[in-house]
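Asks: Provided below are the primary sequence and the corresponding predicted coordinates.
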There are 2 protein chains.
Amino acid sequence: MPRRRPSRAYHHGQLREALIEATEAILAESGVEALTLRAAARRAGVSPAAPAHHFGSLQGLLTEVAILGFQALAEELAAGNARGGDDPVARLREQGIGYVRFALAHPGRFLLMFRHERLDRENPRLKEAGGRAFKLLEDAVRAVRTLPADATLDRSSTALLMLAWSAVHGFAHLALEGQLDGLAGRAGTGAFVQDVLPAMLRAMLAGN
Amino acid sequence: MPRRRPSRAYHHGQLREALIEATEAILAESGVEALTLRAAARRAGVSPAAPAHHFGSLQGLLTEVAILGFQALAEELAAGNARGGDDPVARLREQGIGYVRFALAHPGRFLLMFRHERLDRENPRLKEAGGRAFKLLEDAVRAVRTLPADATLDRSSTALLMLAWSAVHGFAHLALEGQLDGLAGRAGTGAFVQDVLPAMLRAMLAGN
DNA sequence: AGAAGAATCTGAACACTGTCAAGATGGAGT
DNA sequence: ACTCCATCTTGACAGTGTTCAGATTCTTCT
């Protein structure tokens, strides 16, 4: 445990960034439940009360981490779009694969992003980051249904959007909460996902 | 705050049941985050250390509540079966409606059931209760695919099962975490669910 | 009936947690 | 040089889960 240098203790300089980094490290190493203001402060080498000035509360700090999470998710969805090429259905399917890939690669981050009681849902930057990721999905559905870029979704298209989102979100959530371990058997959850997810997405998009 | 009667304080008699009841009440009133050993003990009119003897830890107490939750979920799925009548696809669809109905009717309970870090996942009774609910889904899928009652699911049937489970689970989870509030608009999430869920399930089961 | 033993619950303690108020510190601008 | 202000620390408070020794009561055996 490296204690901070005795001199230059005050005015860390980039404490805000350091705290976010520390929080993400804890999240990756020990999961959502280990997220603690004091642990983050310890890791950044500052006093327990230091974060208050920058984030107001633990909720504020976690919200910042969630914002970064939604930005990373949006990138993953965009990468799925790229993999999908010109075929709208393939783009939607690859977005779904990207969604699950993101969740399994960053379990803590993903679970935090959807723990509304730990976040400040009124934070405008959080709303914006979430909305940006959502828009990628919405546009993909519009493309599948050959709707203009600014059209509001009819009921059937909304149903497709919700089916796509719910399916990948539910799949990821069930996998992260260990509900698929029994199904996966000896091969492990990772192999199960690799095997079943594409088949599931294909079945889902069969009628479109 | 009614303090417990000064006499007859010792040997509550049914403390185990009383604590589970208190926990469920807290869960219904204030959600998962408010679940606290001391709060449950207070509500049952007993000292903070009392629950330890019956449940070992907070995890143990919450696991008991989750077990009851899985039992109630199984009942809801069975009710869906009944609504579905003789049509296997209708039975599967009604199970899905039952799943979401359960989640929205008991948000705290549902969220707790899928918070693996708060539960003792090795508890055999928890495993059994979860497995019983899962088997209802599995059997419904078998019926749709006209498989014998004890057949192991092939890849395609597994994909259908995962699609069905993931879709309703994801839908419910997204709704409970407030992710659908933006989509729901002025009508409210409840109305949105009523409107979109059947259409989503129809689209999901179109090819079967 | 009476006593021994087991089950149940209390009280006090410990190490944690988030948050707050008051004060110390150092950098930036005049 | 001096002031102002953002930044960080110290110390405190109430609340948490859990443990342990002991008090209390129920059960069972003789």
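Replies: The structure has been received and is ready for your questions.
Asks: low pLDDT regions in chain A?
Replies: A:1-11 (pLDDT under 70).
Asks: Spatially central residue for it, please.
Replies: With distances taken as CA atoms, centre = their mean, A:Phe110 lies nearest the centre of chain A, 3.9 Å away.
Asks: Make sure it is actually in contact with A:Gly69.
Replies: Yes - here A:Phe110 lies in contact with A:Gly69, judged by CB atoms under 8 Å, at a distance of 7.0 Å. For every residue, glycine as well, the C-beta is placed using N, CA and C.
Asks: what packs against the top helix by length along chain A?
Replies: Criterion DSSP state H: the longest helix present in chain A is helix A:58-84. Here helix A:58-84 touches helix A:15-30, helix A:37-44, helix A:50-55, helix A:88-105, helix A:107-113, helix A:124-144, going by 3 or more CB pairs under 8 Å, 6 or more residues apart in numbering or on different chains; DSSP states H and E.
Asks: Output those helices in CSV, with distance to chain B appended to each entry.
Replies: Formatted as CSV, those follow (distance: least, CB to the nearest CB, whole Å):
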stretch, distance to chain B
helix A:15-30, 10
helix A:37-44, 16
helix A:50-55, 19
helix A:88-105, 10
helix A:107-113, 9
helix A:124-144, 8
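Asks: quick one: which of those helices is nearest DNA strand C?
Replies: helix A:37-44 (3.4 Å; CB to the nearest atom of the strand).
Asks: does DNA strand C sit close to that closest one?
Replies: Yes - counting by CB under 7 Å from any atom of the strand, DNA strand C is contacted by helix A:37-44 at A:37-39.
Asks: now stretch A:54-69
Replies: Yes - looking at stretch A:54-69 against DNA strand C by CB under 7 Å from any atom of the strand, the contacts come from A:56-59.
Asks: which outside residues touch that stretch?
Replies: A:15-16, A:19-20, A:23-24, A:27, A:35-37, A:40, A:51, A:106, A:109-110, A:112-113, A:118-120, A:123, A:125-126, A:129 (CB atoms under 8 Å, 6 or more residues apart in numbering or on different chains).
Asks: and those, which are buried?
Replies: Neighbour counting with 16 or more other CB atoms under 10 Å in any protein chain shown marks A:15-16, A:19-20, A:23-24, A:27, A:35, A:37, A:40, A:51, A:106, A:109-110, A:112-113, A:118-120, A:123, A:126, A:129 as buried within the contacts of stretch A:54-69.
Asks: Show me which of the residues of helix A:37-44 next to DNA strand C is closest to DNA strand D.
Replies: Nearest member of these to DNA strand D, counting by CB to the nearest atom of the strand, is A:Arg38, at 9.0 Å.
Asks: Secondary structure class of the nearest residue to the closest one once chain neighbours are set aside, three-state.
Replies: With sequence-adjacent residues excluded and distances taken as CB to CB, 6 or more residues apart in numbering or on different chains, A:Arg38 is closest to A:Pro48, at 4.7 Å. Recorded secondary structure, A:Pro48: coil (DSSP: H, G, I helix; E, B strand; the rest coil).
Asks: wouldn't A:Pro48 be in contact with A:Ala41 here?
Replies: Yes - under the criterion of CB under 8 Å, A:Pro48 makes contact with A:Ala41 at 5.0 Å.
Asks: picking up where we left off before, counting neighbours, which of the residues of stretch A:54-69 next to DNA strand C comes out on top?
Replies: A:Leu58 (17 neighbours; other CB atoms under 10 Å in any protein chain shown).
Asks: What are the neighbouring residues in contact with the residue nearest to A:Leu111 when sequence neighbours are not counted?
Replies: Leaving out its chain neighbours, the residue that sits closest to A:Leu111 by CB to CB, 6+ apart is A:Val32, at 5.1 Å. If you count contacts by CB under 8 Å, 6+ apart, A:Val32 has them with A:108, A:111-112, A:115, A:118, B:117.
Asks: A:Phe134 versus A:Val32, what's the distance?
Replies: 22 Å (CB to CB, to the nearest Å).
Asks: In chain A, what residue lies closest to chain B?
Replies: Of all residues in chain A, A:Gly170 sits closest to chain B, at 2.7 Å by CB to the nearest CB.
Asks: rewinding a little: overlap between the contacts of stretch A:54-69 and the residues near DNA strand D?
Replies: A:15-16.
Asks: my read: A:Gly80 touches A:Val100, true?
Replies: No - with contact defined as CB under 8 Å, A:Gly80 does not reach A:Val100; the gap is 10.1 Å.
Asks: Take stretch A:122-132, keep the C-alpha atoms, and write them as CSV.
Replies: In CSV, the C-alpha atoms belonging to stretch A:122-132 read as follows (Å, rounded to 0.1, in the frame of the first residue of the first chain):
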residue,chain,number,x,y,z
GLU,A,122,-31.3,13.5,-13.3
ASN,A,123,-27.8,14.2,-14.3
PRO,A,124,-28.0,15.7,-17.8
ARG,A,125,-24.8,14.3,-18.9
LEU,A,126,-25.9,10.8,-17.9
LYS,A,127,-29.1,11.2,-19.7
GLU,A,128,-27.3,12.4,-22.8
ALA,A,129,-24.8,9.5,-22.8
GLY,A,130,-27.6,7.0,-22.4
GLY,A,131,-29.7,8.7,-25.0
ARG,A,132,-26.8,8.6,-27.5
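Asks: Chain neighbours aside, what residue packs nearest to A:Asp195?
Replies: B:Arg155 (7.1 Å).
Asks: and that neighbour, how many neighbours?
Replies: 10.
Asks: Verify the stated contact: it with A:Pro198.
Replies: No - applying CB under 8 Å as the test, B:Arg155 and A:Pro198 come out as separate, 10.3 Å apart.
Asks: thinking again about what came up before, excluding chain neighbours, give the residue nearest to the residue of chain A closest to chain B in space.
Replies: Here the residue nearest A:Gly170, using CB to CB, 6+ apart, is B:Gly170, at 2.7 Å.
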